[in-house]
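**Student:** from the sequence below, what's the structure:
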Amino acid sequence: MEQKIIELVNETKAKVNAIACAKDLTDLKVEVLGKSGALTLILRGLKDLSESDRPKMGKIVNEARVELEKVIGEKFVQLERKELDEKLMKEKIDISLDKKTTLGKLHPLNVMRRKAIDFFVSMGFIVTDSPEIETTYYNFDMLNIPPDHPAREMQDTFFVTDKILLRTQTSAGQIRTMEKIKPPIKMISPGRVFRSDEADATHTPCFHQIEGLVVDKGITMCDLKGILASFAKHFFSENSSVRFRPSHFPFT
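**Tutor:** Numbering: from 1, shown residues only. Okay, here's the model as predicted:
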């Protein structure tokens, strides 16, 4: 019986080494160590031995079981690791590959804003900013637009409180700049403004605006027209033609 156990152990080890998938290994484990397995049948045959031989053979059978369980267990670990490595190789993404990627771009509004700012900066203007949430003092009062002025009614302003609102024009930035800087002044104030308009082809509740201000001696309408004509050529094309059309606002 001892020789039979040794042969079973050696034969099982050889089969374990040759197995390449977990299912076959599971089948072999059942075949050898299962309830009706070869080693289990040997263990059941111990009852036919003499009382003096049973302890010795029982020990040999138990040692064989422990050895085979260890060999099979280690093989299971190897197969699981191999299967995982193969799966990772198939699913991995090589982030080190030198692929050409398309970078993001600026929003069209930011492109236009920068293009406009570049022109005025090249003409010696400074760029100022002012709060989008403004006071009626800067947005209306300091622009000579009193509480009963038609402009306040026509613009349908977004008021937060009686004195706080979303600015309706960037003119408030001109007032803030004149409070801080003494003439000569050459500035532009770009930014978002807000008016309670229904959205259509020419209106939106939020839009972008650029206002300019020049305060100096000897400034005439020729300077204004020359700057605007140069801006049109810079912003659109050198072939751009400019027509100036005056408009009368009786309440300003």
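
**Student:** CA atoms for contacts and neighbours, from now on please.
**Tutor:** Fine.

**Student:** low-confidence stretches in the protein?
**Tutor:** Where the chain drops to pLDDT under 70, the residues are 92, 94-95, 97-99, 151, 153-155, 250-252.

**Student:** center of it - which residue?
**Tutor:** Against the mean C-alpha coordinate of the chain, by CA atoms, centre = their mean, the closest residue is residue 104 at 11.8 Å.

**Student:** tell me where the stretch 1-150 of the chain has strands.
**Tutor:** When secondary structure is read from DSSP state E, counting those that start in this stretch, the stretch 1-150 of the chain shows strands at 126-127, 133-135.

**Student:** which elements pack onto the shortest one?
**Tutor:** Read it as strand 126-127. helix 108-122, strand 185-194 (3 or more CA pairs under 8 Å, 6 or more residues apart in numbering; DSSP states H and E).

**Student:** right, so those: which one is the most enclosed?
**Tutor:** Mean neighbour count, computed with mean count of other CA atoms under 10 Å, is highest for strand 185-194 among the helices and strands packed on strand 126-127, reaching a mean of 20.

**Student:** then that strand to CSV, C-alphas only?
**Tutor:** Taking C-alpha atoms only, strand 185-194 is exported to CSV below (Å, rounded to 0.1, in the frame of the first residue of the first chain):
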residue,chain,number,x,y,z
ILE,A,185,-6.4,108.5,-19.8
LYS,A,186,-6.5,105.9,-22.6
MET,A,187,-8.5,102.9,-21.5
ILE,A,188,-10.9,100.2,-22.6
SER,A,189,-13.3,98.3,-20.4
PRO,A,190,-14.2,94.9,-21.9
GLY,A,191,-16.6,92.4,-20.2
ARG,A,192,-20.0,90.9,-19.9
VAL,A,193,-23.1,93.0,-19.4
PHE,A,194,-26.7,91.9,-18.6
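
**Student:** and the angle for that strand with helix 108-122?
**Tutor:** Strand 185-194 and helix 108-122 meet at an angle of 170 degrees, taking axes from the mean of the first three to the mean of the last three CA atoms, to 10 degrees as the criterion.

**Student:** which residues touch the residue lying closest to residue 166 once chain neighbours are set aside?
**Tutor:** When the adjacent residues along the chain are set aside, residue 166 lies closest to residue 133, with 4.7 Å between them (CA to CA, 6 or more residues apart in numbering). The contact partners of residue 133, by CA atoms under 8 Å, 6 or more residues apart in numbering, come to 164-167.

**Student:** would you list the buried entries among those residues?
**Tutor:** Applying 16 or more other CA atoms under 10 Å to the contacts of residue 133, the neighbour count classes 165-167 as buried.

**Student:** so which of those residues are in strands?
**Tutor:** The strands in this structure, assigned by DSSP state E, contain 165-166 from the buried ones among the contacts of residue 133.
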